[in-house]
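model this:
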Amino acid sequence: MKDLAHLNKYFYKYRWRMIPGVIFVVLSNYFGVLPAQVIRIAFDLVKENISMYRLFDGFDRQQLVYEVFGYCLLLFGALVLLLALIRGIFLFLMRQTIILTSRHIEYDLKNEIYDHYQQLDMAFYHRNNTGDLMNRVTEDVNRVRSYLGPAVMYSINTVVLSVMVIAAMISVNRTLALYALMPIPILSAILLVVNKIINRRSERIQRQLSTLSSFVQETFSGIRVIKTYNREADKMERFADESNTYRDTALALVKTEAVFFPLILLLVGLSTVITVYVGGLEVAKGTITSGNIAEFIIYVNQLTFPAMALAWVTSLIQRAAASQKRINEFLRTQPEIRSTATGEFQTNGHIRFEHVSFTYPDTGIQALNDVSFEVKPGEVLAIVGRTGSGKSTLANLLMRMYDVQDGAILVDGHDIRQLPLQTYRSQIGFVPQDVFLFSDTIANNIVFGLDTSDSGEIENAAKQAAVYHNIIAFDQGFETNIGERGITLSGGQKQRVSIARALIKKPQILIFDDCLSAVDTKTEEEILRNLSVAMAGKSTIFIAHRVSTIKNADHILVLDHGRVIEQGSHEELLAMEGSYHELYEKQLLEEAS
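Have a look, this model is predicted:
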C-alpha cells in the first residue's frame, strides 16, 4: 500500500464525499443482515405453528391457526422485501458517492500527471518513449481508478459486512461461530501468497503494455516509411510477437486468479458444511433452535460475497499498486532544468557564450568543447558545419533545454540559469530543424506562441515567411486543418509556417535552426529579404548547411566536432581558404550541375 499512499491527499480532499459514502455502506449492510434474523423468527414460527396445527386436529380452531399462520408468513415475506428495498436505496447512494468520487480523483490525477509532464525537461523525453508516457496517464490511471472506486467501496463493504455478520453469529452461538469461521486463517495465508504473485504479474503486464503501445505509436508515426520500404509484413510479425508476449503475461495473471477464486468458494462451502453438522449437534443439545441454523446458513452465505469480493478487491488493489508505482516513478522525477528566479525580465538580446562545453548525459557524446562567441543586439550570427558538429546543441543550450556543464551563457550580462525561465523563453522565437505542427488550423499553428492575435498579424507573419500565397490558395485559407503533424503540407510549407509562428511573437532573439533546407533557392531569397526587415534591431542566430543562407550574416562560425575552427565574415572566411571556402566551392559546383 506504500505506493498507493500517494492518493491519500485526494481522499482527504474529497472527504466530505467519502464520509457519507461510508455511512451508506454501513446502513446498507445493516439492512442486509436484518433479514437473517427475520427468517430465523419466521422459521421458528413455522415449526411452532405446524405443531399447534396438529395439536388442534379435529377442532374448529385448526382453521384459525392456519389463517393466522398464513398472515404471519405474508407479513414476514413483506418485511424481508421492505428491508431489501431499503438496502437497495442505500446501495444506490453508496455507489453515487464513492464511485463518483473516484471519477473526480481520476480527473485530478490525470491533470497532475499531465502538468508534471509539462514541467520535465528534454532529457526526460529523450529517455522515455511516447507510448510509455501515454500508457501511464491512461491505462495505469484507469487501473488506479478501479482501486479508488470499486476496490475502496467493496473493501469497506466487505469489512463492515464481515464484522456485522460475525458479531451476529457470535451473539447466536459462540461455539457454532468458532467452527464456522475456522477456514478464515487458511484464507488469510493464501491471500498473503497470492497478493505478491498478483502484484508482480500486474507490474509485468503494464510494462509489456507500454512496450506494445510504444511500438504501435511508432508504427503509425512512420507509416509512410514502412510502406515505402514494403515492411508491412515485418511490422505485422513484430506486432504479433509483442501481442503474444502481452497475452502470455496476462494469462499468467488470469491463471493465478482462476485458482484463487474457486479456492475461496471451496472454503466458504466448507464453512456451510461445518455449520450444518455442528449446528445439528447444538440443536440436539438444546442450546439453539432449528431457526438459528437457518439464520447461520444465511450468515455463512452472506460471507460468500465478502470472500469473493476479497479475492476480487485484492486483485484490483495489487494491479492498482503496480500501476501507481509506475506513475510515481515519473511523478518523483524532478526536472534538471529549474528556475528559482521570479518576476519579469526584458532582454535586449546581447548574447555571449563563454568557454561553453557540453556532453549529452545519456550518450556521453561531447557536443561542444570550449565554444565562445558574442552576438550584440541587431547583429546576425551564422553557424555552419558538418552534421553532428554541435550546431543544434548551441540552439538548445541558448533555449535552456539543457544546462551547460562548463562555462556560461550570458544574456544582457546575466547567466541564463539565473533568469526566470518562462519569461526568458517567451522572448525567443525558435524555428527548429525538425518542424512540428499540431493537428489544427494553419492560423492556430501560427499563433501557437501567443494567447491572442488578430487576423492582420497572422497574415503579416505569413507574408514575412513567404507562405501567405500558399495558404490562401487552399479552399479554407488560414482555417485549413493541416492534419496530424501537418501531413497535408509540403516540407517547405511546414518550415515556412513554423517561421511565421516564430515571427508573430515579435521576439528580441531569433533562432533559425536549418529551417530553410526544404525550400528552393528562389523562395529562400524571398524569405531572407522579408526576414531582414523582421530581424532589424533583434539578435539573430542562423544555423544552416547552405552558404547562400548565411553569406550576408555579420559574423559566421564554422564548427567541427564541437569546436569553433573558423570565424569571421563571409569574405574573411573565403580569404582563409579553409573549411568554409571548401564548403562554399562545393556548393557552387552542386548548383552549377
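
switch to C-alpha atoms for all contacts and neighbour counts from now on
OK.

which stretches of the protein form strands?
For the chain, the strands defined by DSSP state E occupy 351-359, 366-375, 380-385, 406-411, 414-415, 428-431, 509-513, 539-544, 555-560, 563-568.

Tell me which of those sits nearest to residue 88.
Between residue 88 and those, the tightest spacing by Cα to Cα is seen for strand 428-431, at 61.4 Å.

Give me the sheet partners of the closest one and which way each runs.
Strand pairing for strand 428-431, determined by DSSP bridges: strand 509-513 (parallel).

tell me the angle the partner strand makes with strand 380-385.
Per axes from the mean of the first three to the mean of the last three Cα atoms, to 10 degrees, the angle that strand 509-513 makes with strand 380-385 is 20 degrees.

pLDDT of strand 509-513, averaged?
Strand 509-513 comes out with an average pLDDT of 87.

One more: stretch 103-123?
Taken as a whole, stretch 103-123 has an average pLDDT of 89.

CA atoms only: put stretch 2-17 into CSV for me.
Output of stretch 2-17 as CSV, limited to C-alpha atoms (Å, rounded to 0.1, in the frame of the first residue of the first chain):
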residue,chain,number,x,y,z
LYS,A,2,3.0,2.3,0.2
ASP,A,3,2.7,3.2,-3.5
LEU,A,4,-1.0,3.9,-3.2
ALA,A,5,-0.3,6.3,-0.2
HIS,A,6,0.2,9.0,-2.9
LEU,A,7,-3.6,9.0,-3.3
ASN,A,8,-4.3,9.8,0.3
LYS,A,9,-4.3,13.5,-0.4
TYR,A,10,-7.2,13.0,-2.8
PHE,A,11,-9.2,11.1,-0.2
TYR,A,12,-8.7,14.0,2.2
LYS,A,13,-9.7,16.5,-0.5
TYR,A,14,-12.9,14.6,-1.1
ARG,A,15,-13.5,13.5,2.5
TRP,A,16,-17.0,15.1,2.6
ARG,A,17,-18.0,12.9,-0.3
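
Could I get the buried residue list for stretch 367-383?
For stretch 367-383, the neighbour count (16 or more other Cα atoms under 10 Å) marks 367-369, 371-383 as buried.

To residue 502, which of the strands of the chain lies closest?
Short answer: strand 428-431, nearest of the strands of the chain by Cα to Cα, at 4.5 Å.

Which helix runs longest in this protein?
Counting by DSSP state H, the longest helix found in the chain is helix 61-119.

what's it packed up against?
Secondary-structure packing of helix 61-119 (3 or more Cα pairs under 8 Å, 6 or more residues apart in numbering; DSSP states H and E): helix 15-55, helix 130-137, helix 139-146, helix 152-172, helix 304-331.

and these as CSV, adding distance to residue 423?
Below are the helices and strands packed on helix 61-119 laid out as CSV (distance: least, Cα to Cα, whole Å):
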stretch, distance to residue 423
helix 15-55, 38
helix 130-137, 27
helix 139-146, 33
helix 152-172, 44
helix 304-331, 25
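
Adding mean neighbour count, mean pLDDT and distance to residue 362, write those out as a markdown table.
Below are the helices and strands packed on helix 61-119 laid out as a markdown table (neighbours: other Cα atoms under 10 Å; pLDDT from 0 to 100; distance: least, Cα to Cα, whole Å):
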| stretch | mean neighbour count | mean pLDDT | distance to residue 362 |
| --- | --- | --- | --- |
| helix 15-55 | 18 | 78 | 44 |
| helix 130-137 | 19 | 82 | 17 |
| helix 139-146 | 22 | 87 | 27 |
| helix 152-172 | 19 | 85 | 41 |
| helix 304-331 | 21 | 80 | 17 |
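
Any idea which of these gets closest to residue 4?
Taking the helices and strands packed on helix 61-119 one by one with Cα to Cα, helix 304-331 is closest: 5.8 Å.

Tell me the pLDDT of residue 372.
90.

just residue 592 next, same as before
pLDDT, read off for residue 592, is 62.

Also residue 57?
For residue 57, pLDDT reads 60.

neighbours around residue 532, how many?
12 (other Cα atoms under 10 Å).

actually residue 210, sorry about that
By other Cα under 10 Å, 22 other residues sit near residue 210.

Could you shift the numbering so residue one becomes 9, and keep it that way?
Shifting the count to begin at 9 puts that one at residue 218.

Identify the residues contacting it.
By Cα atoms under 8 Å, 6 or more residues apart in numbering, residue 218 lies in contact with 139-140, 143-144.

Kindly indicate which of those lies nearest residue 304.
residue 144 (46.5 Å).

now the closest one, nearest residue through space, not along the chain?
residue 335 (6.0 Å; Cα to Cα, 6 or more residues apart in numbering).

Does that neighbour touch residue 148 like I think?
Yes - the pair residue 335 / residue 148 is scored as a contact, 7.2 Å apart, by Cα atoms under 8 Å.

If we ignore the residues flanking it in sequence, what's nearest the residue positioned nearest the centre of the chain?
For the chain, the residue nearest the mean C-alpha position is residue 145 (0.9 Å; Cα atoms, centre = their mean). Excluding its sequence neighbours, the residue lying closest to residue 145 (Cα to Cα, 6+ apart) is residue 118, at 6.1 Å.
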